[in-house]
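Asker: No sequence on hand, only this structure:
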């Protein structure tokens, strides 16, 4: 018997609680508890990252090896959570103005707790990249976005799509970009955009991986969606879902390294430089649709 000893505690690891669990305070049988325990059988020592955004549920995440050691017949379950009907959604946005109003969009996500590569690598690199861009003269204007994945990006585009489309030139989304894997990209919907062209220039220098849009899974889905049609490329090192540490407690600070992050930073600077250098080529922009009528 565990008596009053806590065997699963959010304070020990915030992945122990299924994201967006509903509140509960009751005593349950071992059988009922196990229906609400989530494990990763491929990584028996890892705590999986599980959410229940769209269905009211409660649950806990533990390692498969820990679950096998749980003994007893009755357990107290207490989740002190609440839902705010007047909730809010927070995002970050920075506009770094260049000599031209035409914009390069770069985004990352800010919603996966405790994920070092899958999450924190994007905001960390984009913060430093934004600082780098802001300290020099640029041809393009850069729009930098920190968004909760899916819902955050949908909300942002709902409110800002016309503004974005007005000056959009190319776009890049960063995720899973802090590990030591080869660089990779997920092409846009049709794979023939200016974003694709410039990302391939940098990717192909090192014989890295290029994925079809059919293998999408991050916010490139929202940007490229019909009716939105923003050709945004997603940039990774090891692509999400392709590394064993993905969405688990194994995606920690040991999985990323200062060297990998520095390499990724250099990779992104090379991409920015390619964009800026390409801007020197002769381009014509027009606010009219087709040729204007000019009388004598």
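Answerer: Alright, I've got the coordinates. Model, not experiment: these values are computed from the prediction.

Asker: just how off-centre is stretch 58-73 within its chain?
Answerer: In terms of CA atoms, centre = their mean, to the nearest Å, the gap separating the centre of stretch 58-73 from the centre of its chain is 29 Å.

Asker: Show residues contacting that stretch.
Answerer: For stretch 58-73, the surrounding residues in contact (CB atoms under 8 Å, 6 or more residues apart in numbering) are 1-2, 7-8, 15-18, 21-24, 29-30, 33-34, 36-41, 43-50, 52, 77, 79, 249. Using the backbone N, CA and C atoms, a C-beta is placed for each residue, glycine as well.

Asker: Kindly write the ChimeraX command that selects the buried subset of those residues.
Answerer: Burial among the contacts of stretch 58-73 is assessed by 16 or more other CB atoms under 10 Å; the matching ChimeraX selection reads:
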select :8,15,16,17,18,21,33,36,37,38,39,40,43,46,47,48,49,50,77,79,249
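
Asker: Filter the contacts of stretch 58-73 down to the ones in strands?
Answerer: Using DSSP state E, the subset of the contacts of stretch 58-73 located in strands is 24, 29, 37, 38, 77, 79.

Asker: Residue ranges in the stretch 151-296 of the chain under the pLDDT threshold?
Answerer: 206, 281-287 (pLDDT under 70).

Asker: which residues in it form strands?
Answerer: All strands of the stretch 151-296 of the chain, identified by DSSP state E, counting those that start in this stretch, fall at 168-174, 184-186, 209-211, 232-236.

Asker: Spatially central residue for this protein, please.
Answerer: residue 109 (3.7 Å; CA atoms, centre = their mean).

Asker: Just give the closest residue to that residue, not the sequence neighbours.
Answerer: Distances taken as CB to CB, 6 or more residues apart in numbering place residue 149 nearest to residue 109, at 4.2 Å, with adjacent residues excluded.

Asker: Doesn't the one you found lie inside a helix?
Answerer: No: residue state for residue 149 (DSSP: H, G, I helix; E, B strand; the rest coil) corresponds to coil; a helix is not indicated.

Asker: Looking at the strands of the stretch 151-296 of the chain, which one is packed in the most?
Answerer: strand 232-236 (a mean of 29; mean count of other CB atoms under 10 Å).

Asker: Quick one: mean pLDDT over stretch 104-115.
Answerer: Taken as a whole, stretch 104-115 carries a mean pLDDT of 96.

Asker: Please report the separation between the first and final residues of that stretch.
Answerer: Using CA to CA, to the nearest Å, the end-to-end distance of stretch 104-115 comes out at 27 Å.

Asker: how far is that stretch from where the chain is centred?
Answerer: The answer for stretch 104-115 is 4 Å, by CA atoms, centre = their mean.

Asker: circling back: so which of the strands of the stretch 151-296 of the chain gets nearest residue 119?
Answerer: Counting by CB to CB, residue 119 lies closest to strand 168-174 out of the strands of the stretch 151-296 of the chain; the figure is 10.5 Å.

Asker: Identify all contacting residues around the closest one.
Answerer: Here strand 168-174 has contacts from 102-108, 121-122, 125-126, 140, 193-195, 198-199, 218-220, 223, 230-236, 268, 271, 275, using CB under 8 Å, 6+ apart.

Asker: 7 Å instead?
Answerer: 102-108, 122, 125-126, 140, 194-195, 198-199, 218-220, 223, 230-235, 275 (CB atoms under 7 Å, 6 or more residues apart in numbering).

Asker: that's a strand at residue 27, yeah?
Answerer: Yes: secondary structure assignment (three-state DSSP) places residue 27 inside a strand.

Asker: Wait, it touches residue 76, no?
Answerer: Yes: using CB atoms under 7 Å, residue 27 makes contact with residue 76 at a distance of 5.4 Å.

Asker: Next, count neighbours for residue 12.
Answerer: 10 (other CB atoms under 10 Å).

Asker: Break down the stretch 1-150 of the chain into its helices, ranges please.
Answerer: Under the criterion DSSP state H, counting those that start in this stretch, the stretch 1-150 of the chain carries helices at the ranges 30-35, 64-69, 121-134.

Asker: tell me the contacts of the closest residue to residue 240 other than its chain neighbours?
Answerer: Nearest residue to residue 240, sequence neighbours excluded (CB to CB, 6+ apart): residue 176, at 5.0 Å. Residue 176 makes contact with 117, 118, 121, 236, 237, 238, 239, 240, according to CB under 7 Å, 6+ apart.

Asker: Thank you, goodbye.
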